Every structure is written in structure tokens, then in C-alpha cells.
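> Got a predicted structure plus its sequence, pasted below:
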There are 2 protein chains.
Amino acid sequence: MSRTEPAGTPLGDAFHVYDTTLRDGAQREGISYSVADKLAVARHLDALGVGFIEGGWPGALPKDTEFFARAAAGELRLRHAALVAFGATRKAGTTAAADPQVKALLDSQAPVVTLVAKSDRRHIERALRTDVDENCAMVADTVAFLRGEGRRVFLDAEHFFDGYRFDPDTALRVLEAGVTAGADVAVLCDTNGGMLPLGIAEVVTEVAARTGYRLGIHCQDDTGSAVANSVTAVQAGATHVQCTANGYGERAGNADLFAVVGNLVTKLGMPVLPDGAFGELTRTSHALAEIANIAPDTHQAYVGTSAFAHKAGLHASAIKVDPELYNHMDPKVVGNGQRVLVTEMAGRASVELKGSELGLDLAGHPDAVSSVVATVKEREAEGWSFEAAEASLELLMRSAMGDGARVPFALESYRVIIEHGADAAVVAEATVRVVLPDGQRQIATAEGNGPVNALDAALRAALTPSCPWLSQVELSDYKVRILTTGRSDSYGTDAVTRVLLASTGPSGSWTTVGVHSNVVEASWLALVDALAFAALRERNAVAAAR
Amino acid sequence: MSRTEPAGTPLGDAFHVYDTTLRDGAQREGISYSVADKLAVARHLDALGVGFIEGGWPGALPKDTEFFARAAAGELRLRHAALVAFGATRKAGTTAAADPQVKALLDSQAPVVTLVAKSDRRHIERALRTDVDENCAMVADTVAFLRGEGRRVFLDAEHFFDGYRFDPDTALRVLEAGVTAGADVAVLCDTNGGMLPLGIAEVVTEVAARTGYRLGIHCQDDTGSAVANSVTAVQAGATHVQCTANGYGERAGNADLFAVVGNLVTKLGMPVLPDGAFGELTRTSHALAEIANIAPDTHQAYVGTSAFAHKAGLHASAIKVDPELYNHMDPKVVGNGQRVLVTEMAGRASVELKGSELGLDLAGHPDAVSSVVATVKEREAEGWSFEAAEASLELLMRSAMGDGARVPFALESYRVIIEHGADAAVVAEATVRVVLPDGQRQIATAEGNGPVNALDAALRAALTPSCPWLSQVELSDYKVRILTTGRSDSYGTDAVTRVLLASTGPSGSWTTVGVHSNVVEASWLALVDALAFAALRERNAVAAAR
């Protein structure tokens, strides 16, 4: 059996960061982890240095049973965390040893077991259909049995806050049954997620004073307060906090591990992760979103790509003077970065800052700054948006500075035909006519599953012979938005289309933008910028190689 | 000048729900409201019954100036809310009357003005480059000037919490300067968003006791605690709370209006919205996400589509017995619904309910119900969405019931050509070939400013002679979303396009949907449904007239 305590964190067993992404997090609508996914999630969490990883409910879910079997067989070697199996107490009217679900917990070989127990009298009577005495006996028997088998045991007191408000004596008796039998943390769960911080602080303080037990906290986000409730509970005396990566969980979700840890470390000064791990927060969050196949929340506290992004001109001018005045902390500490968004709200300071972020010395080119600010304002009024299309912005800045970053061709014309034939098949075909830098004229035709796909294919066919590096560049994402810019919002008269195109090449990925009343032309404009940026990257790569 | 107080809420002016979606919310990365968008947002917020709508910063942003001008010209008639202009105090070394930015606040004709003032000495000295005396004079002068011009004034004390920790006397002097000059709410802003609830409670309680001023709260979400911090401030005595729809805002965002209001109403028992408005929370949240063109957060507290969705087998079985044990509140109260994800598959009851909502007696057609459930399930897996396209859903239901609601033609073929010529002009031309019910073949060609516009024009040209009522039907909105449905997210292989088309005719408006890998074909499918629905409406109108 492996470790039962966190290893490598300055606080050791005195404070528990307990992750339940693989059990409670998996209840989120849209998440469906394979066993391989679960092993990968556990490895990321262990590398970050959480103290406990709840792997699932062996015996209840076949995938979870397999996860524990493969972990025990050597597929999961944990450096920091202890592995935890989650399960229920024995059923009413039997013994723990005879209950197959309890046996499955032992069979999982997890060194730590978290038992869920009902602590709200209404749930005991109406959902479990038993009485408080038998419920307490179920808790005590199961804890004692597992302790006797050498397991460390935590007790999750389900619906504790609702139960404590309704009948505090019953709620406390359930904790007592577990702790007296050998559970060493009594975890107070806000299972329905209806609590607010001041209520959490009051109950945690009171229960700690009345029992003297080591307390844990488990919050759901139904009031949008799971992170705040968890941190407040720690301030009120809890020394064990249950979270999930990115707040994944049933209904509105659980307390987000990364925000909770971010707050504990930077606001409460608690070194809850191993040395050096805090800088991995952002990367870990994004990796776990990837495994869950959920787009990362760009606005997530601490780890979102927008978490330190500034748009207001008011702020940007002051950030130049003194960045620490405008962020609550240094984003680098959590592996994130500050970004200045250039939009119509931006002034000269934002443009200069953005330029230096992109490695361009705009400060020495005041005319170029004026020209960029004017162009951005004018284009954004027409519906362009550069904040998500930094490659187009960089091209615009370079062009204002006289740096000739250009597409490697001149367009003569293009034509796209979409036909829905009598056989109901839909075909898109594009023809482009371009002139290369050496004066050579190229014509190419290609089909695609839509007009933009066909246009992209035809342009590549025309250019690849002279730009072989183009074969390594791919379009990786495509977004379309219809905008109504003017006063009237009638369709077809002043609606314009904005296209955002993400491209990927050997040097990373970049996004470009195009706006036009015709969706195909808007896409074309973004496509041309994408190739110009690819050519710029290629030029820089060649220069660097010299 | 219009009202300066909330109207129609039980709490009247005693408690302010203050929305800043249009100013602070617009700082969110990815949001770019047009003036028409801003007017639409304001109308939704007013219908929900917020007390104050901060419309923007007139004089600083041209769009905001235009928004206030159009609001004053009669495009915005508010039933509940007072309109607020946001702006800065006069610059150092001038008078309020002579400052063009202050004049722009007056020119906006907004009856209420919120002035932002620095209250952190470091910001006064390092960012504003002046001293505390002059900063306080700037606040006092500007407030007094605006009060003299008949405006109600609120004071946003920027960086208040950081400033109060660093130098409480300066922070309090700034509040005093504003309130003494006539500001009637001192809003404490956690501008950098680094606070946690217990710290908020402590400072709000202390400042209230030391000053006796009416206090407001404005929180950012950088610790993931904006909602909890806002509600905690109210519990500590703040009577004015600043929020944004769905928490939109700079960096990690602001306090989410819907979660804050949800908590105030259901947890603190404060009737902060007009009678009946609370049930509109979910609908309003989704409508505002639509206008911002941001996918709604499915896991948002109170209003997310998953906010009351239960996946756990443990819960799902018990919910049947006793739903109130497993939700922190009744979802219907906020216009949301409980969903049990495992049994959602069936969906027969909801199809029947929807049918009766649309006036179709599906209960008597069990086979039709099965067919609709199967078709919806299959199409939604391919990327269709009927939630926002009830006209397409009604056509599907009628077709399953054998009610021949059909388009008044059969398509033979269409062809669209988009040409970008050597003169840089972009032309879209469409040709459609259709067969009318009487067997007559029609061919028509038309140009448009984009492929869909051209296709619509050509189809109308072909059909209008036989369907003269078509001239009264217009396309009023067009939305495109690129979806990645399969496992791989590579562009061009499994990306499909979903088009939502809103149409308007003599009998109202309706929305249809089309999905295809080719954007033109997806638009075509939505267009055909739109005309079929128009034909159905026309048939019903003719039948009713007989």
C-alpha cells in the first residue's frame, strides 16, 4: 500500500489540498473520462502537487474499478499525492464486512478511503428510509472496519450545512460516529451549494468549537460562491479543502482547484504546493481542460488567458508606468502573463505596450503609433476586431513602421462557385488568379466542402510551388460573426461579416481577421493576412538560421 | 430629464441594483457592442427591472456618445431603471465647467452620473501625478458642478480596498470630498479584484461605522469571488451593488448580475426586482449572451442550462422521490428547469408540452411524438439546435403529424458565384431553378452583397409571381456558428456550420435553422424552412379570413 499523506509540500499533513476531479468533477454535464483519461488527469494533478487524488467510486462504476486496478498494477506512480477511493457506508441492516460495496473499496487497494454519510435528518429519513441511530451505526461500523484493514479514512458529511441548520444535534452525531470510530477528517459538505461565505464561516467556527475535530470543506457553486466559501472555511479553521480542476462538477460545478490554491498561496500566504509547482497552475488548468475536451474558460481567475488582459485605455496608460498598480498579483507567478488588448478603446500607450509585447519598438516611431491608433479606431468602427487577431495587428504595426511584411503574391481575381445540383449534391469550387513576385502568373482551381475551404485549397495550389513552406501551414479554426454596424439593423443592407481565422505552422499558431459584407471576401482577407504572417515567420526563421 | 430612482421595485431607492454591462462589461475581451446592441441590452435590463443602467462613457468613446444621444432622442424608454453616464472627475489644474469631458457628461442628458475617483494614494501620486489635496478638490468640484446642474451623482472610489489598506486616511478623505459635495452613494471598488469575503466584510463594516455614508460595492472576479464579495458587502451594510450581465468584464470579469440577484432574493430575502421579474432571470441572461455573441455559460449559477442538471445515479433516483432535497431552490423561480440527464433521452413529455405550446395536439399522435423525439435527437447530434428555432421545430412536428406544411416549390438546383475581379470589386450572383406546384419551371438570377443575400433575392424573384404575399416577408437577422462535432477538431474535416435565420412578416417573426458543412447550403436549408413557415402562416391567415 502506498502513502496516506501528502509528500513534498511545506505544510505536509497539516493542510490537505484534496482533488475530486475524477469523481465529483466527472459529474459535470459533458464530461466522459476514459480510464486512460483518468490516469492522465491523476498524473497532472500529482505533478502539480495536490495532497490527495480521489480517483472514483470503485464497485459502483466499472471504469472507476478499472482505474484503481490499473493504478495498483503500476500504471500510476504518485510522487506527491495519496490516492483515495470514494464510497458509501454499509447498507442498513448488514455488516460492513459483508457489504459488497465496502469490499470493493478494500479491493481498490487505495490507501485512503473517503466515506460519504448522510448528516441531514430529512435525508436519513426520507431518502435513506432509516433512523438516525442506524445511520450513525452504519458510519461507525464502516469506518472501524476500514481502519481495521489499515486504511486512512475521511468522512464526507453530505448536506451538512442544510442538515445542521435543520437539526444540529443529528448533524453533529454523524460526525461523532465517524471520528470516534477513527475517521481523522470530518468534511462538511455544502452538497446543494446554497451557502454564502458568512454562513460558512459561522458554521465552521461553531462546529470546530463544539467538537474540536479536524474539519474539511467541500463546496458546490450553486450560488456562484464555491471558491469564496472554500477559502472562507479555511480562514474559519478547516484544514482540508476539496476542489475540482476548473470547478468541473454537477450542476453549476464545484470549487475550482486553481482559484482556491491561487487564493490560499497569494492571499493567505499558505504554501500548499511543493516548491516550484505554483508556476505550473496555468499550464495544468489548460491541460486538464484539454483532457476533459472542454474549451478552457478564458476568463477563469488566475489561469484564464484573459485573467490579466487589459482593454481600457485608462488602465493601459497607467500600466506602462506601474504594472503592479493594475494587477492584484504578478501573473508570472502562476505561469500566466499580462496582455494589453488593442481595441478602439485603446490609446497610444496600449499600442506601444502591445508593440513591445510583440517585439516591435514603436516608441521610437511616434508617427507609426498615430497611424496604428487611427487605423484601429477606423476599422473597429467598421466591424473589425483586433483583440483576438494579433497577427493582423502585428502586420498593421509593421506596415506602419515601413517593415515590408507582405503576402508573396498579388491577387488578380478569384471566383467561387457553389452548386446544389439536381441530385442534391452540394459542390464548392474556387479558381484564383495570382501574380508571383517574379512576374509569373498562376491560375489554380480546387474544390472544397465549402466556399472558404475551396478558396484556401486553390490559393495553396497556386502558391505552394514557389512557397514550399506553405505545406506546413494549416487552418486550424474558423469563426464567423454577422455584425450590424449602422443604425438600421435590417438584414442585407448594412450587415457585415467578421471572420477570425486561426492558422498553425512550425512556429506556433496565429489568428487573423477579415471584415466584409460578403462572407467569402471577409474570409479571403483573413486568409491573405494568415499567409502574410506565415511568410513573415518564415522570413524570420530563415534570418535566424543564417 | 428622466427618473433618478428605480421604479417599480418593492425596495425603491433603499436598495440599488446597478448594472454596468454596457460600460465595465464591454471591457471583456471579445465583446464589441454596436450602438444598436447597446440599446437592446438596455431594454432587456430595464425589462428585468434593474434600478440603474450605466450606459457608457460619453465623450470618451464615440459609440457611447451616440448611445446617449439616441437614448435621449427617444429610442430608449425606461420603465424601471434610471440611465447613468460614467465619467472621470475634472483634470488637475482646471475647473469642472471648463473640462470638456465633464461637459460631455452633461451633454449626454443622463439624469445620473457616476464619477470615478482615485482613492489609493499610490495611484494619485504615481498614475495621476498629483497630490491628495488636488485629487480631493477634483472630486468635490466635479460633484458640486454636476449637482448644480441637477444631476444625481454617485462616486466610484477606484482601488478603494487596496488604497484603504495602504493609507486609510487618504481613502476616506476622497469619499468625504465626494459625499460632502453632494454624491449620495460612495461606491467602494475592488478594482484589481484581489479581495476575499471576510476582508470585504471587515472594511465595509468599518467604513460604514467611521463615515455613516451610504455605501455601494463594485467587485471584480480575480479571486473567483466577485459574487460572494458583493453579497457579503450587502450583508455588511452596502445598499448599492454594481454588477454586469453574466459577469462580463475586464480580466476575469465582474460580479454576475444574475447570481448576485439570485442570492439577494433567495438567500437574503431581499425583493430587489419588480414583481414577476425574477422568473425572467434565465431568459434575460441568455438573451444578453446572444447579443454579446458569447456562448452562454452552461454551468452558470441559477441561469445555466446545467445549473439544475443532475447526473449522479445517487441523486437521480432520489430526486424522483423528493426533488427539494437535491436542489438549493426551485429552478422554476428563476425561469430555469431541473433536468435529470439520464432520463433526458426520452423527452416525450417535453415534445408534447412544446406541441401544446404551439397549438398542436401531439398527445393524440404517439407515433408522431416518437418520430419527432428521434429526429430531434439525431439532428442535434449533427449540430442542429431547435431551442432557438421554433419555426423549424413546428414544421418538423407538423410533418410528423401528416400536416402538409410545405414550401411552395421543388428545388431543381441553385448555383452561386462569388467573384473578386481585377478591379477589386466583389460580386455575388445566384441562379435558382425551381418547379412550382402547377408544374411550371422557373429560373431566376439575382445579385447580392453576399452569397446568401443573392440566393434569397434569386429565390424571391422566382417565387413572387406565384406567391405575391412573399413581398411582405423579410429576413431580419442572420447568425452563423461554426461547430466542431466530432472527436478531431481539425478544420475542414468535420466542422459544420449552423445558420439561424430570423424572418419577419405581417403575422410576426420566426426563426429557422440549417446545418451543413457548406455555409451556403446551411443558409439555404434555413431559408427554405423560413419560406415554408411563411407559407403556413399565409395558409392559416387565409383560412381565418374565410
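Okay, I see it.

> From the contact counts, what lies against the helix or strand hosting A:I482?
If you go by DSSP states H and E, A:I482 is part of strand A:474-484. Strand A:474-484 makes packing contacts with strand A:495-505, helix A:519-545, strand B:474-484 when contacts are defined by 3 or more C-beta pairs under 8 Å, 6 or more residues apart in numbering or on different chains; DSSP states H and E. Glycine gets a C-beta too; all of them are placed from N, C-alpha and C.

> Next, the angle from the longest one to strand A:495-505.
The one in question is helix A:519-545. For helix A:519-545 against strand A:495-505, the angle by axes from the mean of the first three to the mean of the last three C-alpha atoms, to 10 degrees is 30 degrees.

> Tell me the residue in chain A that is farthest from the middle.
In chain A, the greatest distance from the average C-alpha position (C-alpha atoms, centre = their mean) is reached by A:G439, at 48.8 Å.

> TSV please, covering the helices and strands packed on strand A:474-484 and showing distance to B:G194.
Converted to TSV, the helices and strands packed on strand A:474-484 look like this (distance: least, C-beta to C-beta, whole Å):
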stretch	distance to B:G194
strand A:495-505	32
helix A:519-545	36
strand B:474-484	36
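
> Let me know which of those is the nearest to A:N192.
In terms of C-beta to C-beta, the element of the helices and strands packed on strand A:474-484 nearest to A:N192 is strand B:474-484, at 33.5 Å.

> Tell me the pLDDT of the closest residue to A:H123 other than its chain neighbours.
Excluding the flanking residues, the one nearest A:H123 by C-beta to C-beta, 6 or more residues apart in numbering or on different chains is A:H159, at 5.6 Å. pLDDT, A:H159: 96.

> ok, so what distance separates A:A444 from B:G421?
Distance from A:A444 to B:G421, counting by C-beta to C-beta, to the nearest Å: 17 Å.

> So these two - more neighbours on which side?
A:A444 (18 against 12; other C-beta atoms under 10 Å in any protein chain shown).

> anything in whichever strand or helix holds the more buried one near chain B?
Element membership for A:A444 (DSSP H and E) is strand A:441-448. Yes - applying C-beta under 8 Å from any C-beta of the partner chain, one finds strand A:441-448 touching chain B at A:G448.

> Checking my notes, A:H299 in a strand, right?
No - secondary structure of A:H299 (DSSP: H, G, I helix; E, B strand; the rest coil): coil, not part of a strand.

> With chain B as the reference, measure out to it.
Computed with C-beta to the nearest C-beta, to the nearest Å, the distance linking A:H299 and chain B is 5 Å.

> A:D120 too?
Taking C-beta to the nearest C-beta, one finds A:D120 at 8 Å from chain B.

> Check the burial of that residue by counting its neighbours.
26.

> still on that earlier bit, tell me the buried residues in the strand holding A:I482?
Buried positions in strand A:474-484, judged by neighbour count with 16 or more other C-beta atoms under 10 Å in any protein chain shown: A:475-484.

> A:V113 and A:D107 touch, don't they?
No - judged on C-beta atoms under 8 Å, A:V113 makes no contact with A:D107 at a distance of 11.5 Å.

> so which strand or helix has the closest residue to A:S34 other than its chain neighbours?
Spatial nearest neighbour of A:S34, excluding adjacent residues (C-beta to C-beta, 6+ apart): A:K63 at 7.4 Å. Using DSSP H and E, A:K63 falls within helix A:62-70.

> Nearest the geometric middle of chain A, what residue?
A:P296 (3.5 Å).

> Report pLDDT for the nearest residue to that one once chain neighbours are set aside.
Leaving out its chain neighbours, the residue that sits closest to A:P296 by C-beta to C-beta, 6+ apart is A:A289, at 4.2 Å. At A:A289, the model reports a pLDDT of 86.

> Now for A:A289, which secondary structure element holds it?
Using DSSP H and E, A:A289 falls in helix A:281-292.

> what does the following helix or strand past that helix rub up against?
The element immediately downstream of helix A:281-292 (helix or strand, assigned by DSSP H and E) is strand A:309-310. Outside of strand A:309-310, the residues within contact range by C-beta atoms under 8 Å, 6 or more residues apart in numbering or on different chains are A:316, A:319, A:326, A:338-341, A:350, B:29, B:250-251.

> at 10 Å instead, please
A:298-299, A:316, A:318-319, A:323, A:326-327, A:331, A:337-341, A:346, A:350, A:353, A:387, B:27-30, B:250-252 (C-beta atoms under 10 Å, 6 or more residues apart in numbering or on different chains).

> Over that strand, what's the mean pLDDT, rounded is fine.
Rounded mean pLDDT across strand A:309-310 is 82.
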